[in-house]
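# Provide a 3D model corresponding to the input given below.
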Amino acid sequence: MRNRIGVIHNLRKALETGDTELKALGLTCVQLNCWEPDLFTDENAEILKEKFSGDVAISSLWIGWTGPRAWNFTEGPLTLGLVPAAYRFQRIQELLKGIAFAAKLGIENVATHVGFIPENPNTTEYSELRAALRTLVTACANNKIYFNFETGQETPVTLMRMISDLGSEYVGINFDPANLILYGKGNPVDAVSIFGSRIRGIHVKDGDYPTSFYSLGCERVVGEGSVNFPVFLPKLIRQGYTGDLYIEREITGEQQIIDIKRTVAYLEKVLDEVCE
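This is a model prediction of the structure:
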């Protein structure tokens, strides 16, 4: 089965324009991204079903949450995901709302950043995070939806430990290889073997390792960073990954479209070579 190529697409924009722009780019799937929980309504679910008639499949929902968020090594552990106790209850409710919305759309995957998972599993912080995640995983399992951790803010081994501790088949990984590098947490090629069959989605993104002790590394256009896609993608596919490839380019404007088109062509070439 050939992997579909898609993109990460803002839910609000999808409600306005449907799949028109995505089809023009030659894409066949999409991961909707939303940081506005108020958009998770029955009415909006019906609008999306109407505007995405089948040419472009909505295969995943990336659920954001409200409150402060700082994408760095100093404030990040205090603000991101479910790790900070001050925001945990509110964000659990928002994530549950997103899971219910995904169920209305009939899709099988949701994803999010849960924060900097503690390395030490014996801490109170780890056990409290695990309890919060069990609430979300249970809601997903009840709807036959996979709860997928986006990679990056912890090492692959730490992430797999938490997944093992949750003990559910409805837990997977939204694998962003660039994030492992941007956060300095691991080598994406090695992580393919560690994550194995838990991989449920791929963010096609590139980047470089951090050059300071406080800030993330820099994102790059695919092929110009440190991910080593010529090795990463074939290994991933030969390992048996048949899921979707979502292009992520964290810039705006015309250059973003140019880079997405370039990445589509690159992915098609790699898939042709691996599937020969």
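# quick one: the strands in the stretch 51-200 of the chain?
57-63, 109-112, 146-150, 171-175, 199-204 (DSSP state E, counting those that start in this stretch).
# the shortest one pairs with which strands, parallel or anti?
According to DSSP bridges, strand 109-112 has the following sheet partners: strand 57-63 (parallel), strand 146-150 (parallel).
# and those as JSON lines, adding mean pLDDT and distance to residue 4?
Heads up, the C-betas are built off the backbone N, CA and C, glycines and all. Conversion of the strands paired with strand 109-112 to JSON lines gives the following (pLDDT from 0 to 100; distance: least, C-beta to C-beta, whole Å):
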{"stretch": "strand 57-63", "mean pLDDT": "97", "distance to residue 4": "7"}
{"stretch": "strand 146-150", "mean pLDDT": "98", "distance to residue 4": "16"}
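# and the ones you listed: which comes nearest residue 245?
strand 57-63 (10.7 Å; C-beta to C-beta).
# what does the closest one contact?
With contact meaning C-beta atoms under 8 Å, 6 or more residues apart in numbering, strand 57-63 is reached by 4, 6, 8, 11, 28-34, 48, 52, 94-95, 98-99, 101-102, 105, 107-112, 148, 150, 174, 200-201, 244, 246.
# please apply the same query to stretch 151-169.
Taking C-beta under 8 Å, 6+ apart as the rule, stretch 151-169 contacts 76, 80-81, 113, 115-119, 121, 126, 129-130, 133-134, 137-138, 141, 149, 171, 173-177, 179-180, 182-183, 185-186, 190-191, 194-195, 198.
# OK, contacts around residue 49?
Applying C-beta under 8 Å, 6+ apart, the residues near residue 49 are residue 105.
# quick one: it from residue 191, how far?
35 Å (C-beta to C-beta, to the nearest Å).
# burial count for residue 252?
Neighbours of residue 252 under the rule other C-beta atoms under 10 Å: 8.
# could I get the strands paired with strand 109-112 in a markdown table, plus columns for mean neighbour count?
Formatted as a markdown table, the strands paired with strand 109-112 follow (neighbours: other C-beta atoms under 10 Å):
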| stretch | mean neighbour count |
| --- | --- |
| strand 57-63 | 24 |
| strand 146-150 | 25 |
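# just give the number of residues close to the nearest residue to residue 186 once chain neighbours are set aside.
Nearest residue to residue 186, sequence neighbours excluded (C-beta to C-beta, 6 or more residues apart in numbering): residue 180, at 4.4 Å. Number of residues near residue 180 (other C-beta under 10 Å) recorded here: 27.
# any idea how far residue 216 is from residue 180?
Counting by C-beta to C-beta, the gap from residue 180 to residue 216 is 11 Å.
# over to residue 5?
26 Å.
# can you pull out the low-pLDDT segments for the stretch 101-250 of the chain?
Scanning the stretch 101-250 of the chain for pLDDT under 70 picks out no residues.
# going along the chain, name the helices of it.
When assigned using DSSP state H, counting those that start in this stretch, the helices of the stretch 101-250 of the chain occupy the ranges 124-142, 156-166, 177-182, 188-195, 229-238.
# tilt between the second one and helix 124-142?
Our comparison of helix 156-166 with helix 124-142, counting by axes from the mean of the first three to the mean of the last three C-alpha atoms, to 10 degrees, yields an angle of 60 degrees.
# report the angle between helix 156-166 and strand 171-175.
160 degrees.
# pull the distance from helix 156-166 to the chain's centre.
Chain-centre distance of helix 156-166: 17 Å, with C-alpha atoms, centre = their mean, to the nearest Å.
# in that helix, what's buried?
156, 158, 159, 160, 161, 162, 163, 166 (16 or more other C-beta atoms under 10 Å).
# next: the shortest one.
Within helix 177-182, the residues that count as buried by 16+ other C-beta under 10 Å are 177, 178, 179, 180, 181, 182.
# same thing with the last one?
Buried residues in helix 229-238, counting neighbours by 16+ other C-beta under 10 Å, are found at 229, 232, 233, 235, 236, 237.
# who's in contact with the fifth one?
It stands for residue 236. By C-beta under 8 Å, 6+ apart, the neighbours of residue 236 are 192, 199, 202.
# let's go with 6 Å and repeat that
The neighbourhood of residue 236, defined by C-beta atoms under 6 Å, 6 or more residues apart in numbering, consists of residue 192.
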